[in-house]
Every structure is written in C-alpha cells, then in structure tokens.
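sequence and computational prediction follow.
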Amino acid sequence: MSYSTSTSIVSQADLMTQVSTFAVSTNGWTQNNYDAGNKKMSLSKGNCFVHFWWDDTSASIHGTSIGMYQSLGFISAGTNPWAHTNDSGNGANASANLDTERGIKYIGPGPYTSLHMFGHTDTDVIYVALEIAPGLYRHFGFGNITKIGTWVGGEWVGGHHWNPQNSGAAADFPSHFVHSVLLDGHHYGNTGGGFGNSVRVAATMHIEGLPNQPTANQYYGVVGRPEDFDAWDEDRDANARGLIEGGIRDGLGTQQFGWLQPDLSKGFIPIIPAEIFYWDLNPTTSEDRYPLGRMHNCGTIQMRGIDPQQALTVGADTWRAFPCVRKSFLQANNYESWNMGIIYKQ
C-alpha cells in the first residue's frame, strides 16, 4: 500500500499530473495519454481503463468539473474519452455537460488546499481525497473491488457529485438520493439532466456472466437505486447494463451500523465496509441479490470526535478519515455532510 499527500495543487492540470505520477510511479499503472492542450488523460492497469477530461475555463456558475470515464480498452491519444473500447456510458460527451455528468464535480479551477492519494497494488485500486478549499472535500477513485467468487469484472470508476449550493435542494442533506460518492448505491437517477439527478452521474463497474445477464454485449453495472432502472439500462452503444447496489451510502453495513459513534478514548473505531451487490432484476428469480465483494481498504465512519484528515490506528494498521464533503451541521443550503466520513487504509 502507498500514501502520498500534497499541499501544492495549483490547477486542474496539476491535479491530474499528480494523480498520474502517483498511479504510474508508485502503483504500476500505465499512462496511456496525457494531452495538456486538449485537457485529457488516460490511465490503465489490467482491464481498468479510466479517462479524465477537464475544462477549467468554461463552466456553469457552480464551478468547473473534471469528467471521468471508464472503458475496457484504449484506442489512441486522439480518441475522445467517451469513445474508447466498450465505453461504460457515463460521463459527458460535451464540455458544457461536465458539470452534470460523472466526474469530480464543482471544484473550480484551483488552486486547491490539499491532496491525499491512497494506492493498493494487491487489488490495483487508487483513492483520492481532494480538499478543494479549507474543510471542503471531493473523493474519487478507480480500480478493483475485493471480489467474492470468480466472476468476470470488478473494475470500477467513481467520481463525486454533490448537489451544488444555491441549486434548490440537497447540498446540506447527506442522505439525499441526488448525490453520488465513489460506489454509491443510494444515488437515484433518470434520463433527465439537471444537477445530478441523472443516470450519467453514477459510478460504473465492469460485470460479465452474472445471473440473467445477457450473454453478449453487456459489460457494465450502474451503481445506484432501482426505482427508475429502465432509465439506467443502456451504455453509450445501446448495450444493456445491470444494477449494482450497496457501497458508500447504501450497503448493509451502513444500514445496520451507521449509527455507531467512535470512542477514541476506548479504542472503539467502527469502520463500516462498503459492500457491493448485484441485483438480478429478472422477475422469475424474485429479484435476487448476489454479494460481489467490497471496496478494498475503504469504508465509512462517523466523524464525531474525529478531525478531518485525522490518522487512526486500528491494530497494526493506520487509517485516515475525511469528511464526505464538509464536517458541519448548519443546514442553510451549505455544502456539508454532517458527521458522515470516508476512511481509507493508509
């Protein structure tokens, strides 16, 4: 495992450079493309291909964003980030939509306060916690989950959408369905646009051969809630997609143990795993759910009594906790996530 931090991140391009350097030099990923002029970057390891596209000069009043894309291959440096082999379907195909589809959302052009990167080569996963302003965070990641079984897939790409301040609702409501953080089965989207209530905001995961999946041309699951699944079920090439549940805000662990508060004086540090499930929507199988695994060395934790970026010792391991967005409880359409925290093994 590896950990790197920085307090000098001057721009979106600099952020991408530092993420690439950490992934490639420290964790064995390949940089397939870095095009500063067109503001695009591609990284890969194994069957996980992640692409970034940034536009730090023209965006909505809510601030600029960096788009994130997933594919199963890389074509060429001149290929648009949404057009590589077997694209997942999520992420904007126009710069005007970077703020409304999957990405690292509403972060502005920089500079940023701090950057924290966590890498694990045993499952080939990268997590990033970006402090875009003092006390205000965005999380994103890409790589593999810790799998249960021998099914094909497990590679994922997830960004961070949090409904913007002054956009009407939800910025100060951490359990609102409009948000999506990493692998987030609580997100609910439809085919409409708007700030976040969209299928294109959600994380995706490569899955093949799971119960009642089509035998051909279905490569992905979308991480979210099932209420409007008919709007979630095709990638950009009109291939069917499956439904993935669980993760950061909606796993069984979160539902059962999310109320537990840490007590550092007694060494009680309840880290809640982010478990991942496939939902077989075939009515003849009673909509069965199958455990796929969990996010590797990542979970949620209540932040009561824990400071942002605080390192916590659990046995022989060090973990580091961050607010999901901002540790505050003002409830005034403020960017905040109350005591909801995300914690990474360092």
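That came through fine.

list the buried ones in the helix or strand of the chain with the lowest mean pLDDT?
The weakest-scoring helix or strand in the chain, judged by mean pLDDT, DSSP states H and E, is helix 252-257 (a mean of 86). Neighbour counts over helix 252-257 (16 or more other CB atoms under 10 Å) mark G253, T254 as buried. C-beta here means a position set from N, CA and C on the backbone, and glycine is covered the same way.

tell me what it is packed against?
strand 272-279 (3 or more CB pairs under 8 Å, 6 or more residues apart in numbering; DSSP states H and E).

how far off centre is the strand it packs on?
14 Å (CA atoms, centre = their mean, to the nearest Å).

list the buried residues for the next helix or strand after it?
Using DSSP states H and E, the helix or strand that follows strand 272-279 towards the C-terminus is strand 289-302. Neighbour counts over strand 289-302 (16+ other CB under 10 Å) mark L292, G293, R294, M295, H296, N297, C298, G299, T300, I301, Q302 as buried.

the least confident helix or strand of the chain: how far from the chain's middle?
How far helix 252-257 lies from its chain's middle: 19 Å, per CA atoms, centre = their mean.

keeping just the C-alphas, turn that helix into CSV.
Output of helix 252-257 as CSV, limited to C-alpha atoms (Å, rounded to 0.1, in the frame of the first residue of the first chain):
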residue,chain,number,x,y,z
LEU,A,252,-25.9,-3.5,4.5
GLY,A,253,-23.2,-2.4,6.9
THR,A,254,-24.2,1.3,6.6
GLN,A,255,-27.8,0.4,7.2
GLN,A,256,-27.1,-1.7,10.2
PHE,A,257,-24.2,0.1,11.8
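
can you list contacts of that helix?
With contacts defined as CB atoms under 8 Å, 6 or more residues apart in numbering, helix 252-257 is touched by G246, I248, P270, I272, P273, A274, E275, G299, T300.

picking up where we left off before, nearest to W338, out of the buried residues of strand 289-302: which one, please.
For the buried residues of strand 289-302, the residue nearest W338 by CB to CB is Q302; the value is 9.3 Å.

separation between that closest one and F257?
10 Å (CB to CB, to the nearest Å).

now for those two: what residues contact both?
P270.

packing partners for whichever strand or helix holds L130?
Following DSSP H and E, one finds L130 within strand 125-133. Here strand 125-133 touches helix 12-21, strand 114-120, strand 136-144, strand 289-302, strand 340-345, going by 3+ CB pairs under 8 Å, 6+ apart.

cheers, nothing more for now.
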